[in-house]
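>>> Quick one, what's the 3D model for this:
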Amino acid sequence: MKTLKTLIACFCLLFLLGCEDDSDPSTITVERYVELLKQGKYDADQLPEFSSSDIPALLTYRNEIQVIKDFPVNTLSSSLTSECTLGMYVLWTIESIRARAINSKYLFHTYPSQNPVVENKVDFEWIEQSDAVLATVAQSYFDWWESNKNKDFDKFKEIDPLSNTEYRWH
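You can find the predicted model right below:
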């Protein structure tokens, strides 16, 4: 009986130690990140530590219009965004990669701006985060990547994907 209890205890210990936390921002995959965002279960307090090599995988989700509500936000913002589309959040994640690479003055931890929304870059006015706005931002990031993907990231990381639009990150 004692052997059975020991065996069960060892099995439970191995099971618990074998469980891997696949939501750790330093080791998470793009696919797992998106899955957790869709489920409202990405509970890290930072954006993942993705690199430029993750941008193509992230771009595949750029047009996703599913509204997500549970995601990490920049706590320095005075107007916390409570929901956004998955596509906009993924594009903000790509901007985080770029912002970290250029050591952006707007960078706070891994957040590239205050919120995963865009605003009018001329007067900084709030704009409705419509599907058309998402489509414009998504196309801008896609074009930026496609025009430069065969170059070393250091050669084009300073190019703002939104430079030819009326938008900037809030």
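>>> pLDDT below threshold where in the chain?
Applying pLDDT under 70 to the chain picks out residues 1-25, 78-79.
>>> where along it do the strands fall?
Under the criterion DSSP state E, strands of the chain are mapped to 67-68, 84-85, 118-120, 167-169.
>>> Buried residues, the last one. List them.
Residues of strand 167-169 classed as buried under the neighbour-count rule (16 or more other Cβ atoms under 10 Å) are Y167, R168, W169. The C-beta positions use only the backbone N, C-alpha and C, and glycine is treated the same way.
>>> distance of the second one from T110?
Read that as R168. R168 is 19 Å from T110, where distance means Cβ to Cβ, to the nearest Å.
>>> could you dump the strands of the chain to TSV with distance to K157?
As requested, those are exported to TSV (distance: least, Cβ to Cβ, whole Å):
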stretch	distance to K157
strand 67-68	27
strand 84-85	24
strand 118-120	20
strand 167-169	15
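>>> taking these together, which one is wrapped up most tightly?
strand 84-85 (a mean of 22; mean count of other Cβ atoms under 10 Å).
>>> for that strand, packing partners?
If you count contacts as 3 or more Cβ pairs under 8 Å, 6 or more residues apart in numbering; DSSP states H and E, strand 84-85 packs onto strand 67-68.
>>> Between the two ends of stretch 116-136, how far is it?
Using Cα to Cα, to the nearest Å, the end-to-end distance of stretch 116-136 comes to 15 Å.
>>> what sits up against that stretch?
Applying Cβ atoms under 8 Å, 6 or more residues apart in numbering, the external contacts of stretch 116-136 come out as 63, 65, 71, 73, 81, 84-85, 87-89, 91-92, 137, 162, 165-170.
>>> Name the residues of that stretch that are buried.
Applying 16+ other Cβ under 10 Å to stretch 116-136 flags P116, V117, V118, E119, Q129, V133, L134, T136 as buried.
>>> next one: stretch 141-157
Y141, W144, W145, N148, F156, K157.
>>> closest to T27 out of the strands of the chain?
Proximity to T27 (Cβ to Cβ) singles out strand 67-68 among these, at 21.5 Å.
>>> Parallel or antiparallel, list what pairs with the closest one.
Strand 67-68 sits in its sheet next to strand 84-85 (antiparallel), going by DSSP bridges.
>>> Quick check: which of the strands of the chain is nearest to A99?
For these, proximity to A99 was assessed by Cβ to Cβ; strand 167-169 is nearest, at 8.8 Å.
>>> The closest one packs against which elements?
Under the contact criterion of 3+ Cβ pairs under 8 Å, 6+ apart, strand 167-169 touches strand 118-120, helix 131-148.
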